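In: Build me a model from this:
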Amino acid sequence: MKIMINESLEELNGSDKDYYLLLIDQNGIIQFANSYLITNLELDPKAIHECCFFNLIEPRYQKSFRDTLHRVQQNGLPVSIEMSARSGSLHWIKWEISKYKNDSGSSEKYFCIGYDIVGKQTANKMHRVAKRNYEAIMEGLTIGVIMHDVNGEVLAANRKVAEIFETSLENIYKNTGLADLWSAITHEQGKFSVENNPPLYAFKTGMVQNNIRANFTTSTGEIKTILINSQPLYEKGQVKPVSIVSSFVDVSREKELEQEVQRQEILFHTFNNNTPNLAWIVNEDAILLYANNSFFKYLGISNKAIGRNILDLLPRIIADALEHRHRQVLETGKQQQVQEKMFLADGREMVFWINLFPINADTGNKMIGGEAIDITSRFRMEEKLRKVNQRLHYLSHMTTDAIWEWDMLTGQIFRNQILQNLIGCLTQTTQNLSWWFRRVHPEDRRKLRDIIKEVIEKREQSWESEYRIRNAAGDYIIVYDRGYIIYDRDLPIKMIGSLHDITHVKELEAKLIKEQIQHQKDITETIFAVQEKERTRIGHELHDNVNQLLGTSKMFIDLVKTVTPEDAELKTKITGYILTAIEEIRRLSKEMVTPQLKENGLIASITTLVADLNAAQIMSVLFHHQDEVEMLSSGKKVTVFRIVQEQVKNTIKYSKAKNLVIDLRLNAEDVQLIVEDDGVGFDPKQTRRGIGLSNIYERTRFYNGTVKIKTEPGKGCRMTVRIPLSL
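Out: As a prediction, this is how the structure comes out:
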């Protein structure tokens, strides 16, 4: 072995480099090392044969060094490798490793010859320059750098690291600066701590920590993405690191760009794989490089067709047309857009819109992108529409209807002469129905919009509506409009409207309805008049005839002589009953006879009624009024008086009230009557409407008035009647 090593040394004579000589076995145990290696790597000469060379290699290169030994053992050929070895500082060494020829047949050994990539003079010069210009070098870096010892004391830091973490150098250098910094940095599993951050891990393992991705949240809530690298540093004679240097790089912008690229790729693939349009990319030899799902599905082929000639995949008639277009794009470098009509072998006519465009690649290779849309259905629909438009054009000149047509794809609007004469000549260009809605009466505009919107949402074919619209003279007319909608693949493409001016018809209908209502009112008023007349007749009959009979009966009773006390008592009772009957008949006849409102007035009649109630001491009654109520018509006066009579009668009969208030006043638009008591009240939901209340409602309804009753058990009753003045 000594002879072979000496031979290797002789081969290196005359070289201007100092070489490392090393012999190791397959486990890395040093069999031989020259003095240059022992000195520079600071090894103990006495324990050299117990030393494992693998432990002297930077941990990140240990695996690659072992793999190199394995390749040498397998191939038997020398292999070169560059790596760093550890001592007080890193040595970048280039090794040439060869299999050692071992005649003894013992385990495999490897002979390694190496030299420092950076020469001693260069390294020493660099050390001197770095020592003199340490601060300038640190501040000149575009990355943040922190050097600290194993106890966490910051030994050096540049201003860039303070900028990245939006703090000051003073905060970083203070005792808790490093701990505060790591507590603000997070990673995928959560926050870093002083115990589990990359520098500490590099110190514990001696392994460099490369490109550790972390996040830092700024004071404004912005999240920065930081790449962290930590390198352990050694001093001579030390096996463990004595300090750590860490670099910090803000890659937020790079991450945003990366995410944007990913989003764009996702959008590209999602869109292309879900669009019904055919999309493809080929090179200048027509080899298919990319195609979307619709392309494969339409042609009935699998994605294994990638790499084949696209012309072999298409039907012959389509391939011929496409080859010609591809050639034009390649020759001119310009986009080609064309509509192609083709007849397939089975006789079917197909229409495609094809878009071909050049793609400029960085490699210099020419590529062509293609997009094809099957517009056969649309083409046929357009043919039908052209024919329909022709018929519509002829029809619009023959009909008396006002017709309009809105092409929802192009925005073009057609109005026939009848319509223009009806609502005025419209020359402005519009892209929607705003020109129409501006003329519709504001009260009808929303209803019409909702009808059209609902029909389109439900994909219905037609709609109809009556509404008011401003005509050429600026007046509102009533029209009956019926619209038709044409769809293509469930999308509305055209709307056609036909309308009639029905203003005269509506006026006649309104006049007829008004006459019918007036006729009904006349009949009802006649019925009320007859009822009042009949009530008056019955009242007079009771007062003049029946009361005379009862008076005569009382006179004859008075002439009867009594013999016994019992007869006298009986005579007295009969006389009392007759007097009670006479008084009740007088009261009833007074209620039934129509009050002389023309002579006495409404207020005087109600005042008399109130005076009678107070005189009878049934309850306390107050009457508040305005003199203007005498302006009411005689019919409304009678109605108000009868309502007061009915409600007073109901109050006396059911309410057990102690107080009653009647309030009668004239407002700007109606007459208002309020009758309110403090009686027992009732539940309006559980109480049946009697004849009295029915009469009140019927009389009020005749004049288009309203009746509101507010009551509940134990809280009295308040009735409010409003009768309009206009009717």
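In: Could you pull up the contacting residues of the closest residue to residue 56 other than its chain neighbours?
Out: Leaving out its chain neighbours, the residue that sits closest to residue 56 by CB to CB, 6 or more residues apart in numbering is residue 85, at 5.2 Å. Every C-beta, even on glycine, is put in place using the N, C-alpha and C of the backbone. Contacts for residue 85 were tallied using CB atoms under 8 Å, 6 or more residues apart in numbering; they are 41, 56-58, 91, 93.
In: and the gap between residue 85 and residue 70?
Out: Computed as CB to CB, to the nearest Å, the residue 85 to residue 70 distance reads 20 Å.
In: re earlier: show me the two of the contacts of residue 85 that sit farthest apart.
Out: Between any two of the contacts of residue 85, the greatest separation by CB to CB is 12.4 Å, found for 41 and 58.
In: What about the contacts of residue 85, which are in strands?
Out: Mapping those onto strands (DSSP state E) picks out 91, 93.
In: ok, so of the contacts of residue 85, who is nearest residue 435?
Out: For those, the residue nearest residue 435 by CB to CB is residue 58; the value is 79.9 Å.
In: Could you give the number of residues near the closest one?
Out: 19 (other CB atoms under 10 Å).
In: surely it meets residue 83?
Out: Yes. Between residue 58 and residue 83 there is a contact under CB atoms under 8 Å: 6.7 Å.
In: so the residue nearest to residue 56, which of the three states?
Out: Classification of residue 85 using DSSP: H, G, I helix; E, B strand; the rest coil returns strand.
In: And it, how far from residue 349?
Out: Using CB to CB, we find residue 85 at a distance of 78 Å from residue 349.
In: contacting residues for residue 302?
Out: Contacts here follow CB under 8 Å, 6+ apart; on that basis residue 302 touches residue 296.
In: hmm, 6 Å instead?
Out: Taking CB atoms under 6 Å, 6 or more residues apart in numbering, we find residue 302 in contact with no residue.
In: And it, how far from residue 313?
Out: 11 Å.
In: do residue 255 as well
Out: 41 Å.
In: Report how many residues lie close to residue 305.
Out: The local packing of residue 305 (other CB under 10 Å) involves 16 other residues.
In: mind checking pLDDT for it?
Out: As predicted, residue 305 sits at a pLDDT of 84.
In: go on, the one 3 residues further on?
Out: Per-residue confidence (pLDDT) for residue 308: 88.
In: The chain should start at 19 in everything you say after this.
Out: Right, with 19 as the first residue, what we last looked at is residue 326.
In: If you drop the residues flanking it in sequence, what lies closest to it?
Out: Distance criterion CB to CB, 6+ apart; nearest residue to residue 326, sequence neighbours excluded, is residue 306 at 5.8 Å.
In: For the one you found, list the residues it contacts.
Out: Contact analysis of residue 306 by CB under 6 Å, 6+ apart lists 300, 324, 326, 328.
In: measure residue 531 to residue 475 for me?
Out: 35 Å.
In: which residue packs closest to residue 390, ignoring adjacent ones?
Out: Of all residues not flanking residue 390 in the chain, residue 296 sits nearest, at 4.2 Å (CB to CB, 6+ apart).
In: What's the separation between the one you found and residue 499?
Out: 43 Å.
In: Stretch 640-660: how far from the chain's middle?
Out: Chain-centre distance of stretch 640-660: 60 Å, with CA atoms, centre = their mean, to the nearest Å.
In: Stretch 464-482 too?
Out: Here stretch 464-482 is found 24 Å from its chain centre; the criterion is CA atoms, centre = their mean.
In: Please apply the same query to stretch 513-522.
Out: Put simply, stretch 513-522 sits 38 Å off its chain's centre (CA atoms, centre = their mean).
In: which residues are in contact with it?
Out: In this structure, residues lying in contact with stretch 513-522 by CB under 6 Å, 6+ apart are 419-424, 495-503.
In: State the pair within those residues that is farthest apart.
Out: The distance between the two most remote of the contacts of stretch 513-522 (CB to CB) is 24.6 Å, for 495 and 503.
In: Just give me the neighbour total for residue 636.
Out: 15.
In: Going toward the C-terminus from the helix or strand of the chain with the lowest mean pLDDT, what's the next helix or strand?
Out: Across the helices and strands of the chain, mean pLDDT, DSSP states H and E gives its lowest value to helix 20-30, namely a mean of 47. Next in sequence after helix 20-30, counting helices and strands by DSSP states H and E, comes strand 37-43.
In: Restricting to C-alpha, output that following strand in CSV.
Out: Taking Å, rounded to 0.1, in the frame of the first residue of the first chain, the C-alpha atoms of strand 37-43 are listed here in CSV:
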residue,chain,number,x,y,z
TYR,A,37,-3.2,18.0,-2.6
TYR,A,38,-5.2,16.1,0.0
LEU,A,39,-4.4,12.3,-0.1
LEU,A,40,-6.9,10.0,1.5
LEU,A,41,-7.6,6.3,1.7
ILE,A,42,-10.9,5.1,3.3
ASP,A,43,-12.9,2.0,3.4
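In: Can you name the element that comes right after that strand?
Out: Taking DSSP H and E, what comes next after strand 37-43 is strand 48-51.
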